[in-house]
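**Student:** Pasted the sequence and its predicted model underneath.
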Amino acid sequence: MTSRTERLLELLALLQSGRDWSGPDLASKLGITERTVRNDVEQLRELGYPVDATRGRAGAYRMGSGARIPPLLLDDDDAVAVAVGLRAASAIAGVAETSARALAKLETVLPARVRERVTAIRTSVDQGPANTDSNVADPELDPATLVAVSAAIRDREWLRFELAGTAHAVEPYRVVSWQRRWYLVARDAASGEWGTYRLDWMKLKQPTRRPFRPRPLGEEAYTELVVRTVASSGWKVHARIEVFAPADEVLSRINPAVGVVEPIDADRSVLVTGSDSYEVMAVYVGMLGLDFRIDGPPELVDRVRELGRRYSDAVRAAEVS
């Protein structure tokens, strides 16, 4: 026979599954009387769980929305952070199912004001394909920026912000998470051109409350746009590298997210690429396994020269030993 604590936890798990439960169904499931079900539900309410009940022949119990999230006592920002983390983890093999289930349980007890924020993020964020890592620390994103941008997407309102000293007014459509960075895909309100914008570089202005009529892309096009344009605009440093190989050969050796390849002639092409550091860029261009030439920027030239010296020293050391 289970203890009352174990029974309450089992009852709580049933109620957090998101479905309605009649008194007889709960009693049968838990092996107790309907009167005990009523007493246990009252105990959960005293502990702070918002259990709703409807009376009558079609009556049922279900977990409702409370003023706070018991018993963790998370504040609104904590709850949003947990939901965003679970959303990201749902794309990781091995924990996808449990993360999605945990997120569903969390959403059933979120207060309405928090649930709206989480729903805005969940319905407006995609994840791009994993590619390569970096020796540069991940940028810090203010959760308030993600919430505000997601709300503008949900409400279909113009978004105004400043980025690298330039003011922007855009129609926001989707946020894409890629390489642990967050990008907004939006249409410029004046020119109508599509663009991608790093959220951690944004300085948001006051909400415009100005609605727009959506002209969306296809569902997969948002991530594709980010993957295609980040190499030339979304990284901290960029370069154009001449590769002594046809464009098709270069493309066959890289993930499309690495950069854009432009043909020069039958035997040469240009790789337009970017990174958060010249050191990382120097390493990865060497991994192409193809001859190349770098004329600039000077910082990249220095990193490649230094890398070449290290390789030469390593070979000489091996010859000596």
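**Tutor:** Happy to help now that I have it.
**Student:** where along this protein do the helices fall?
**Tutor:** Using DSSP state H, the helices found in the chain span residues 4-15, 23-30, 34-46, 76-89, 96-109, 112-124, 143-155, 221-233, 247-251, 278-286, 298-320.
**Student:** out of those helices, nearest to A190?
**Tutor:** Nearest to A190, of all those, is helix 143-155, at 17.0 Å by Cβ to Cβ. (C-beta placed from N, C-alpha, C; glycine too.)
**Student:** Any buried residues in that closest one, and which?
**Tutor:** Residues 145-154 are the ones in helix 143-155 that count as buried (16 or more other Cβ atoms under 10 Å).
**Student:** same thing with stretch 100-120?
**Tutor:** Residues of stretch 100-120 classed as buried: 102-103, 105-111, 114-115, 117-118, 120 (neighbour count, 16+ other Cβ under 10 Å).
**Student:** before we move on, what about stretch 222-241?
**Tutor:** The neighbour-count check on stretch 222-241 (16+ other Cβ under 10 Å) flags 222-227, 229-231, 234-235, 237-241 as buried.
**Student:** Kindly indicate which of those lies nearest T166.
**Tutor:** The closest of these, once distances to T166 are taken by Cβ to Cβ, is G234, at 14.8 Å.
**Student:** Show me what stretch 159-175 is in contact with.
**Tutor:** By Cβ atoms under 8 Å, 6 or more residues apart in numbering, the residues outside stretch 159-175 that reach it are 121, 124-126, 146, 149-150, 152-153, 158, 182-190, 195, 197-199, 201-206, 208, 212, 214-217, 222.
**Student:** So, low pLDDT: which residues of this structure?
**Tutor:** The model of the chain has pLDDT under 70 over residues 1-2, 58, 66-75, 88-98, 127-138, 179-180, 230-234, 256-257, 317-318, 320-321.
**Student:** Look up how far A189 lies from the residue positioned nearest the centre of it.
**Tutor:** Central residue of the chain (Cα atoms, centre = their mean): S177, 3.7 Å from the mean position. As judged by Cβ to Cβ, to the nearest Å, S177 and A189 stand 24 Å apart.
**Student:** swap in V114?
**Tutor:** For V114, the distance to A189 equals 30 Å [Cβ to Cβ].
**Student:** Kindly report the same for G23.
**Tutor:** 55 Å.
**Student:** Y49 now?
**Tutor:** Using Cβ to Cβ, Y49 is found at 46 Å from A189.
**Student:** Looking at these two, which one has more neighbours?
**Tutor:** Y49 (21 against 16; other Cβ atoms under 10 Å).
**Student:** Assess the claim that that one and L11 are in contact.
**Tutor:** No: applying Cβ atoms under 8 Å as the test, Y49 and L11 come out as separate, 9.7 Å apart.
**Student:** returning to that earlier point: the helices of the chain: which one's closest to A60?
**Tutor:** Closest approach to A60 among the helices of the chain (Cβ to Cβ): helix 23-30, 8.0 Å.
**Student:** residues near M287, how many?
**Tutor:** Using other Cβ under 10 Å, M287 has 11 other residues around it.
**Student:** do the one 5 residues further on as well
**Tutor:** Other residues within reach of F292 by the criterion other Cβ under 10 Å amount to 18.
**Student:** how far away is it from L271?
**Tutor:** Taking Cβ to Cβ as the measure, F292 falls 8 Å from L271.
**Student:** and for those two, which residues touch both?
**Tutor:** Residues touching both F292 and L271 comprise 241, 243, 285, with contact defined as Cβ under 8 Å, 6+ apart.
**Student:** Y311: which of those is nearest?
**Tutor:** Closest approach between the shared contacts of F292 and L271 and Y311, by Cβ to Cβ: V285, at 13.6 Å.
**Student:** Quick one: residues contacting that closest one.
**Tutor:** Residues in contact with V285, defined by Cβ under 8 Å, 6+ apart, are 241, 271, 273, 292, 294, 304.
**Student:** can you rerun that using 6 Å?
**Tutor:** I241 (Cβ atoms under 6 Å, 6 or more residues apart in numbering).
**Student:** Enumerate the beta-bridge partners assigned to the closest residue in space to Q206 that isn't next to it in sequence.
**Tutor:** Closest residue in space to Q206, ignoring its immediate chain neighbours: R160 at 7.4 Å, by Cβ to Cβ, 6 or more residues apart in numbering. Beta-bridge pairing for R160 (DSSP bridges): A169.
**Student:** Can you give me the distance of R160 to E46?
**Tutor:** Separation of R160 from E46 (Cβ to Cβ): 47 Å.
**Student:** Give me the more crowded residue out of the two.
**Tutor:** Per other Cβ under 10 Å, whichever of R160 and E46 has more neighbours is R160, with 18 against 8.
**Student:** So what's the residue count around the closest residue to A60 other than its chain neighbours?
**Tutor:** Distances taken as Cβ to Cβ, 6+ apart put D20 closest to A60, at 3.9 Å, once the chain neighbours are dropped. Neighbourhood size, D20 [other Cβ under 10 Å]: 15.
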